[in-house]
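K.L.:
build me a model:
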Amino acid sequence: MSARGRFGDEAWRLAAAGDAAGLDRAAALLLEDDAGDLSYDGHRARAFSLALAGRVQEALAQLNEGWSEDWPFPAAYAADTARVRYLAGDYEQALDALQLALRGDDPLDPAAAALLGAVVARQPSLRLRAVRIALGRGSPWQRLRNAAAAATATSGNR
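P.N.:
Numbering: from 1, shown residues only. Coordinates of the predicted model:
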């Protein structure tokens with residue numbers, strides 16, 4: 001089992017909770033010995049912390065620094081870029097990155113699709129655009145489910 005499988009998406013859970021201190025601790029631990037498989041996760045945690053502080057360009061540079069030939073795949077990297085933009089409150093740019101994350105032949109990441117609804121909950125004026133993006137990838141059932149989630153997202157769905 002990969003390290004990613006063991007740890008799940010703890011960095012995103014901390015980021016969604018606004019726990020910058022927890023993200024900083026996680027980044028320090030993951031980057032302590034340049035832990036190979038965990039290096040991207042360390043840069044990702046640091047990027048999320050920077051995004052919470054509104055330091056978007058530094059956050060994106062952290063993601064880029066952790067990217068290697070092996071991981072993440074382009075769709076996962078685009079989804080993380082969307083998460084950075086979302087955390088910083090740049091919802092339109094988050095949707096741009098999600099549009100990249102939710103197309104192609106890679107398997108559909110349900111967490112990236114769920115971010116569409118979170119963006120709409122924060123900026124309802126982006127609802128139609130989010131629905132269009134949701135309809136662009138996945139099986140017919142996934143497209144319908146993701147579009148419905150984006151269409152019905154409210155501030156209580158965060």
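
K.L.:
just checking, what packs against the host helix or strand of residue 21?
P.N.:
Per DSSP states H and E, residue 21 falls inside helix 20-31. Helix 20-31 sits against helix 10-16, helix 39-52, with contacts defined as 3 or more CB pairs under 8 Å, 6 or more residues apart in numbering; DSSP states H and E. No exception for glycine: its C-beta is placed from N, CA and C like everyone else's.

K.L.:
please report the distance of residue 15 from residue 52.
P.N.:
Residue 15 sits at a distance of 7 Å from residue 52 (criterion: CB to CB, to the nearest Å).

K.L.:
before we move on, what about residue 103?
P.N.:
With distances taken as CB to CB, residue 103 is found 28 Å from residue 52.

K.L.:
could you look up the SS state of residue 62?
P.N.:
On the three-state scheme (DSSP: H, G, I helix; E, B strand; the rest coil), residue 62 is labelled helix.

K.L.:
what sits closest to it if chain neighbours are left out?
P.N.:
Leaving aside its sequence neighbours, residue 62 sits nearest to residue 47 (CB to CB, 6 or more residues apart in numbering; 3.9 Å).

K.L.:
perfect, that will be all.
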